[in-house]
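Chemist: The following comprises the amino acid sequence and a computationally predicted model.
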Amino acid sequence: MKNRRPDGIARYSHPAGGWDALREVAKTLAHQRIIAQGSRTLLKANQPDGFDCPGCAWPDPKHTSSFEFCENGAKAVTWECTAKRTDASFFKTHSCSELWNWTDHQLEDAGRLTLPLRYNSEHDHFEPISWDDAFTLIATKLNKLDDPDQAEFYTSGRASNEAAFLYQLFVRAYGTNNFPDCSNMCHEATSVGLPKSIGVGKGTVTLEDFDHADAIFSFGHNPGTNHPRMMTTLHDASRRGVPIVVFNPLKERALERFAAPQDPTEMLALSSTPIASAYHQVRVGGDLAVLKGIMKAVFAIDAKSYAAGGQGVLDRWFIDEHTSGFEALYADIDATTWDEITSASALSRQAIESAAEVYARAKNVIICYGMGITQHAKGTNNVQQIANLLMLRGNIGRQGAGIAPIRGHSNVQGDRTVGITEVPDMALLKGIERAFGFRPVGKKGHNAVEAVEAIIAGRSKALVCLGGNLAVAMSDQRATFAGMRKLELAVHIATKLNRSHLLTAKTSLILPCVGRTDLDTQASGPQAVTVEDSMSMVHSSRGFLNPPGELLRSEPAIVAGIAMATLGNRHGIDWHGMIANYDRIRDKIEEVFPDFFDFNRRVRMPGGFRLDVPASFRRWNTETGKANFLLAPGLIEDPVLCGEETLVLTTIRSHDQYNTTIYGLDDRYRGVFGRRDVIFMNADDLAGRGLKDGDRIDVRSVMGDGDQPRVVSGFTAVAYDIPKGSIAGYYPEMNAVISLSHFDRQSGTPSYKGVPVVVKGLP
Ligand SMILES: Nc1nc2c(c(=O)[nH]1)N[C@H]1C(S)=C(S)[C@@H](COP(=O)(O)OP(=O)(O)OC[C@H]3O[C@@H](n4cnc5c(=O)[nH]c(N)nc54)[C@H](O)[C@@H]3O)O[C@H]1N2
Ligand SMILES: Nc1nc2c(c(=O)[nH]1)N[C@H]1C(S)=C(S)[C@@H](COP(=O)(O)OP(=O)(O)OC[C@H]3O[C@@H](n4cnc5c(=O)[nH]c(N)nc54)[C@H](O)[C@@H]3O)O[C@H]1N2
Ligand SMILES: [Mo]
């Protein structure tokens, strides 16, 4: 007899994509009550005269002519252009304490925010406030602080270049570099690791490079859910016979098999295309070992070829001409034994050698990676070892080859480019002086973890958030939430209500802004904004729907409002002029960042333009003037923490969420329906603890916190195809077990995907 599975757990036997994806979109449109308007809106996504899809940062094909179907893009768009609204009567009916008991899904599902709100602690309700009063209140509070460094200014990666640029200008004129941003929790290991390797903290490939790749490697990202338009590229590559080698602890369906909704034959025949040519279920946190193992095997293949009178497989010319540090890397890899590699990665030597064969045979290789690589205590090391592997065969700076960090938020890369950084370099400071006549402070500010630490310690007293849901996205919810409640001032510029807004400070404000799909009209007429995708392409985005209410303002206008109230005439910055016509903001961006030369003209060309990525042309902006092979000590994280009982928890996104935005409770491809309170575990790990599939468990951090353990309770253990020793649970629920002090010391990225825990059954 077959064992009964826990409630809501079933096997999903279809390929990813296909008719199920189409059906889901129809359901979403109905749920958001926007059937007629919604379908028209979707056709404008990523079109030259349309808006940039807020779903992800994957680039658009150059000659976008037809609508590219994307289930999760459709969810992101319809979630924003829903017909649901929160208005004054909504906030009058529901007190803040009542709303706190709603789920994250319910909070956002209440609808778009439509009016500026201030928290009234006497009545425990948010109440309407005028824009002028809101700006004056914020200004008074900010100007009362002893030091500008007591304020934190968070950015989430949806903000446009124009909004982000004005925001950093305001904050620098105010006098601090406290710029925590979502990138600090995401691809910071890339932004910190790659400049040391190849002189630029961005990917080197373009979308066209994928057409010329002879092999694609994928480490730790789940494109079927998080970058569904990337599936078109992987699907085409697979059909061309390009090997796609995947390293992921979980068998993600879209990386196994995909039915392209754009492909009529595949859809009608109910067929699909295999994606991965080889799928390696690496242990959580085992990637450093895999990367060193592949390099070790490549050295062996090279030596064998050489001994037989061949040319070898290393690109010796590239190594001599363009790199530094090869000997030290060779020695490090040589000293790493196969026993160490296989035990740290949970993969066999043969598996790793087979991946190395594919790598060594292919002329051009692209390596893609996501959060499975960056969100580790050794995230920066991981990224740098990927660069090492590519450099061994000259796979950087030529067509069809390169490194492809798959970015998250649709403009997270652009926000960084236009100045959202806690460590401003001289070029940025001088650029601002050139364009605005003042030299901002250069002292390093806070990243996301440091900002939250300062808030918890009471050193920082004010928090302004340009979007996002910082408290929920950050580790250690108990400490983080308590810290937020001690603030003097909390300001949230947002489209939808979320839990961070409800962590009220002495003075708490929610300011409603227009979103990507909304028309943004200013004194000179309708405005477009600009964004930069994962491949450094900058293009414009223009919303066209009537905003959900008369009172909403654009993000640039709200930032300018706060700036004018706070700074008055300081530095004579023409905030009014820039808001009246965003071309003037872009002119200033160009003055500060010469890479944006001729910005207003170039961004009006269909498809936009690419920013310079020197490494794509083998120009290395590093201290050595070369691409650097860099070393990573050891193979795994925190061996000290890995006791007998310890399991390593990775936190993942379901198919029905956008970060902290929970669209629904299904995770269809992983066979989870109607719930999120599950922990995926290997059957042996269950048995070893006397547990069975479906048992209720506690998950507890092994990083202590005195007598208050970090624990989530009452979750259901689900037997799953995952390597022994590794378990997985959903973000953000699992943030309660992650210690704030558990992060990559080089980049500050929280180790969301390498959390040492113990699991105990509940009676
Ligand atoms: N629909 C949707 N789209 C999104 C988002 C969303 O939440 N929903 N979020 C956006 C954002 S901000 C980002 S950053 C991206 C995130 O996109 P991804 O980088 O895909 O992020 P995750 O879903 O967190 O996890 C990625 C994968 O890493 C694997 N993994 C976990 N631990 C490890 C490990 O130790 N090693 C390896 N090799 N793999 C591991 C997981 O099994 C999972 O398949 O997506 C963006 N796009
Ligand atoms: N455990 C764990 N934690 C993680 C991660 C993980 O993988 N595991 N991933 C991390 C990553 S990669 C990231 S990027 C962060 C995400 O952190 P954030 O970017 O802070 O979080 P989001 O959930 O994307 O923010 C959602 C909110 O943004 C607001 N919003 C949406 N659109 C707009 C807009 O156009 N303008 C404005 N002003 N506001 C808008 C809405 O109010 C919505 O509630 O979380 C991190 N946290
Ligand atoms: Mo992200």
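Modeler: Everything's here; your move. Ligands and ions are numbered 1, 2, ... in the order given.
Chemist: who in the stretch 201-350 of the chain is up against ligand 1?
Modeler: 219-222, 225-227, 247-250, 252, 282, 284-285, 287 (CB under 6 Å from any ligand atom). C-beta here means a position set from N, CA and C on the backbone, and glycine is covered the same way.
Chemist: Just the ones of those residues in helices?
Modeler: Thr225, Asn226, Asp287 (DSSP state H).
Chemist: and the nearest residue to the last one once chain neighbours are set aside, how many neighbours?
Modeler: With CB to CB, 6 or more residues apart in numbering as the measure, Asn382 is the residue that lies nearest to Asp287, at 5.4 Å, once sequence neighbours are left out. Other residues near Asn382 come to 27 when the count uses other CB atoms under 10 Å.
Chemist: Identify the spatial nearest neighbour of Asp104, chain neighbours not counted.
Modeler: Using CB to CB, 6+ apart, the closest residue to Asp104 is Ile662 (5.0 Å).
Chemist: can you tell me if stretch 741-752 touches ligand 2.
Modeler: Yes. With CB under 6 Å from any ligand atom as the criterion, ligand 2 is reached by stretch 741-752 at Tyr752.
Chemist: Stretch 187-199 now?
Modeler: No. Stretch 187-199 is not in contact with ligand 2 by CB under 6 Å from any ligand atom; minimum separation 7.5 Å.
Chemist: Can you list the neighbours in contact with that stretch?
Modeler: Under the contact criterion CB atoms under 8 Å, 6 or more residues apart in numbering, stretch 187-199 has outside partners 183, 200-202, 204, 373-376, 379-384, 387-388, 391, 396, 403, 405, 407-408, 412, 416, 447, 614-615, 619-622, 627-628, 630, 744, 746-749.
Chemist: Also stretch 567-575?
Modeler: Leu166, Leu169, Phe170, Ala173, Tyr174, Phe436, Gly437, Phe438, Ala560, Ala563, Met564, Arg584.
Chemist: Could you give me the buried positions within it?
Modeler: Neighbour-count burial for stretch 567-575 flags Leu567, Ile573, Trp575 (criterion: 16 or more other CB atoms under 10 Å).
Chemist: Output those of the residues you listed also counted as contacts of ligand 1.
Modeler: Within these, nothing lies near ligand 1 by CB under 6 Å from any ligand atom.
Chemist: Which of the residues you listed sits closest to ligand 3?
Modeler: Minimum distance to ligand 3 across the buried residues of stretch 567-575 is 30.1 Å, recorded for Trp575 (CB to the ion).
Chemist: which residues does Phe680 contact?
Modeler: Leu250, Arg670, Val718, Tyr720, Ile722, Ile727, Ala728, Gly729.
Chemist: Now with 10 Å, please.
Modeler: 9, 249-250, 649-650, 652, 670, 672, 717-722, 726-730 (CB atoms under 10 Å, 6 or more residues apart in numbering).
Chemist: So for it, what's the nearest residue that isn't a sequence neighbour?
Modeler: Using CB to CB, 6+ apart, the nearest residue to Phe680 is Tyr720, at 3.7 Å.
Chemist: so what's Phe512 scoring on pLDDT?
Modeler: To be clear, residue 512 is Pro; Phe isn't right here. Confidence at Pro512, expressed as pLDDT, is 98.
Chemist: For it, give the beta-bridge partners.
Modeler: Under the criterion DSSP bridges, Pro512 forms beta bridges with Ala494.
Chemist: anything in the host helix or strand of Tyr167 near ligand 2?
Modeler: Tyr167 is located in helix 161-174, with elements delineated by DSSP states H and E. No. Using CB under 6 Å from any ligand atom, helix 161-174 never reaches ligand 2; the gap is at least 7.9 Å.
Chemist: now stretch 708-724
Modeler: No. Interface with ligand 2: stretch 708-724 contributes nothing (CB under 6 Å from any ligand atom), its closest point being 11.8 Å away.
Chemist: Report the contact partners of whichever residue of the chain sits closest to ligand 3.
Modeler: Closest to ligand 3 within the chain is Gly408: 2.6 Å, counting by CB to the ion. Gly408 sits next to 56-57, 157, 182-183, 185-187, 221, 226-227, 370-371, 374, 534, 653, 658-659 when contact means CB under 10 Å, 6+ apart.
Chemist: so how far is stretch 346-354 from its chain's centroid?
Modeler: 30 Å (CA atoms, centre = their mean, to the nearest Å).
Chemist: Stretch 350-364 too?
Modeler: Averaging C-alpha positions (CA atoms, centre = their mean) puts stretch 350-364 29 Å from its chain's average.
Chemist: again, but for stretch 718-733
Modeler: That offset, for stretch 718-733, works out to 20 Å (CA atoms, centre = their mean).
Chemist: buried residues in that stretch?
Modeler: Quick answer for stretch 718-733 (16+ other CB under 10 Å): 718-720, 722-723, 725-733.
Chemist: For those, give me JSON lines that also has distance to ligand 1 and pLDDT.
Modeler: Formatted as JSON lines, these follow (distance: CB to the nearest ligand atom, whole Å; pLDDT from 0 to 100):
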{"residue": "Val718", "distance to ligand 1": "15", "pLDDT": "97"}
{"residue": "Ala719", "distance to ligand 1": "17", "pLDDT": "97"}
{"residue": "Tyr720", "distance to ligand 1": "11", "pLDDT": "97"}
{"residue": "Ile722", "distance to ligand 1": "9", "pLDDT": "98"}
{"residue": "Pro723", "distance to ligand 1": "10", "pLDDT": "97"}
{"residue": "Gly725", "distance to ligand 1": "11", "pLDDT": "94"}
{"residue": "Ser726", "distance to ligand 1": "8", "pLDDT": "96"}
{"residue": "Ile727", "distance to ligand 1": "11", "pLDDT": "97"}
{"residue": "Ala728", "distance to ligand 1": "7", "pLDDT": "98"}
{"residue": "Gly729", "distance to ligand 1": "11", "pLDDT": "98"}
{"residue": "Tyr730", "distance to ligand 1": "10", "pLDDT": "98"}
{"residue": "Tyr731", "distance to ligand 1": "7", "pLDDT": "97"}
{"residue": "Pro732", "distance to ligand 1": "10", "pLDDT": "97"}
{"residue": "Glu733", "distance to ligand 1": "13", "pLDDT": "97"}
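Chemist: who's in contact with Pro594?
Modeler: Pro594 neighbours (CB under 10 Å, 6+ apart): Ala427, Gly431, Arg434, Asp612.
Chemist: I figured Arg349 hits Ile341, correct?
Modeler: Yes. Applying CB atoms under 10 Å, one finds Arg349 in contact with Ile341, separated by 7.5 Å.
Chemist: out of the two, which sits in the more crowded spot?
Modeler: Ile341 (24 against 15).
Chemist: nearest residue to that one other than its sequence neighbours?
Modeler: Per CB to CB, 6+ apart, closest to Ile341 is Gly293, 4.1 Å.
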